[in-house]
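Visitor: Just a sequence and a predicted model for now, questions to come.
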Amino acid sequence: MKVSVFAPASIGNVSVGFDVLGLAVKPIDNTLLGDVVSVEQSDEDQLAVVGRFAGKLPKEKEQNIVWQCLLRFNQALLERGLEPVSVAITLDKKMPVGSGLGSSACSVVAALEALNCFYQKLGVHHFDQANMLRLMGELEAQISGSLHYDNVAPCYFGGLQLMIPDEQVITRSLPTFDDCYYVMAYPGIEVSTKAAREVLPSEYSRADLIQFGQNLATFVDACHRQDKVIAHQVIKDVVAEPYRNKLLPGFIDACNYLQSQGALAVGISGSGPTLFCITDELEKAQEFAKWLNDNYLKVNTDGCTEGFVHVCQVDKQGAIELPSS
Ligand SMILES: Nc1ncnc2c1ncn2[C@@H]1O[C@H](COP(=O)(O)OP(=O)(O)O)[C@@H](O)[C@H]1O
Ligand SMILES: N[C@@H](CCOP(=O)(O)O)C(=O)O
């Protein structure tokens, strides 16, 4: 028996909700933008890493977050008096690392969900969603240096997720704007989440505090009222973007251009370097994608780029088990 789970990319923060808001996205051309983890029974625990971005990960399996997921999942089984079996895990690393697309969250969510489905099929145990999300947050914190659910929650549940200060609830789904397109431009450079958190101030002014609170509250209200104009008017980042934009070559120029061409909002996805740009017109989304492809991706000396651009919409499914091949 082999279980494979896909977990999608996400936009952490969505500019307006630092650490407390995240949106799962999927390309409209059905490209799998996310990681796939497969689990099957084996004689000993093993991890194989394949896929376009496999070479960007540490060589030692102990350094891979998927391996750490296995150790933590086994510990959770033992805490319930259950005996883990040996498994062979394969990570298909489709996501670039340090991209701002929630790459580590994709690996964490796909790995833990694949293990959970595997043990459910074995008839041993099935952790409920609340326990799973807590485990996912714990593993994401191990890698990024702080506990934030804004990637793992949308990656696991799909949609737009707002983190709630209640350990029993953790996250709530917000209504989404389903006619909107999210153009995601990954320039092909790496920005580590840890480093991008270190450039942030430890204190903010009262004016920033008021603007942050007002924007986030207005955004949540506008989502519930499905007021697209107001919701996108307040997608403004006073917490991270003013400090992180210097880590992103060409970001300010791209923002200015896209806004002048009528984008509903533009921002840094997660901690960057991916830029997201929102429009409700497909033709504009395709124009923006072409412009970003020509102007935001870093071209190497050999004329190639590791970057890419995808026109996406909201991913409502979150992590899903793939049919067995
Ligand atoms: N399976 C994995 N997926 C992504 N990153 C991993 C994985 N395993 C280990 N890592 C390491 O974790 C760190 C993730 O960096 P981070 O900036 O948090 O990425 P992202 O913002 O893309 O989630 C990198 O140093 C990377 O080498
Ligand atoms: N809220 C976090 C989000 C990090 O997202 P990632 O995709 O860059 O891992 C932050 O802004 O630090």
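Guide: Arrived safely. Numbering: from 1, shown residues only. Ligands and ions are numbered 1, 2, ... in the order given.

Visitor: As a check, name the ranges of all strands in this protein.
Guide: Remark: strands assigned in the chain by DSSP state E are 2-8, 10-12, 21-27, 34-41, 46-50, 87-92, 160-163, 171-174, 181-186, 265-268, 275-279, 308-314, 320-322.

Visitor: Give me whichever of these is most buried.
Guide: A comparison of the strands of the chain by mean neighbour count, using mean count of other Cβ atoms under 10 Å, puts strand 10-12 on top with a mean of 31. Just so you know, the C-beta spots here come from the backbone N, C-alpha and C atoms, and that holds for glycine as well.

Visitor: Can you tell me which helices and strands it packs against?
Guide: strand 21-27, helix 152-157 (3 or more Cβ pairs under 8 Å, 6 or more residues apart in numbering; DSSP states H and E).

Visitor: Any part of that strand near ligand 2?
Guide: Yes - contact of strand 10-12 with ligand 2 (Cβ under 6 Å from any ligand atom) involves Gly12.

Visitor: picking up where we left off before, ligand 1: which of the helices and strands packed on strand 10-12 is closest?
Guide: Closest to ligand 1 of the helices and strands packed on strand 10-12 is helix 152-157 (Cβ to the nearest ligand atom; 10.1 Å).

Visitor: Run through who's touching that closest one.
Guide: If you take Cβ atoms under 8 Å, 6 or more residues apart in numbering as the criterion, helix 152-157 is touched by 7-11, 22-24, 34, 102, 105-106, 108-109, 113, 129, 132-133, 136-137, 140, 160-161, 163, 170-171, 173, 315, 318-319.

Visitor: Give me the distance between that helix and the centre of its chain.
Guide: Counting by Cα atoms, centre = their mean, to the nearest Å, helix 152-157 is centred 8 Å from the centre of its parent chain.

Visitor: Could you tell me which residues within that helix count as buried?
Guide: 152-157 (16 or more other Cβ atoms under 10 Å).

Visitor: Tell me which residues touch Val266, please.
Guide: 254-255, 258-259, 275-278.

Visitor: where does the protein have its least confident helix or strand?
Guide: Least confident helix or strand, the chain: helix 193-198 with a mean of 90, by mean pLDDT, DSSP states H and E.

Visitor: Just the CA coordinates for that one, please, in CSV.
Guide: This file holds the C-alpha atoms of helix 193-198, laid out as CSV (Å, rounded to 0.1, in the frame of the first residue of the first chain):
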residue,chain,number,x,y,z
THR,A,193,12.4,33.1,6.1
LYS,A,194,14.7,33.3,9.2
ALA,A,195,16.8,36.0,7.6
ALA,A,196,13.8,37.9,6.4
ARG,A,197,12.4,37.9,9.9
GLU,A,198,15.6,39.2,11.3
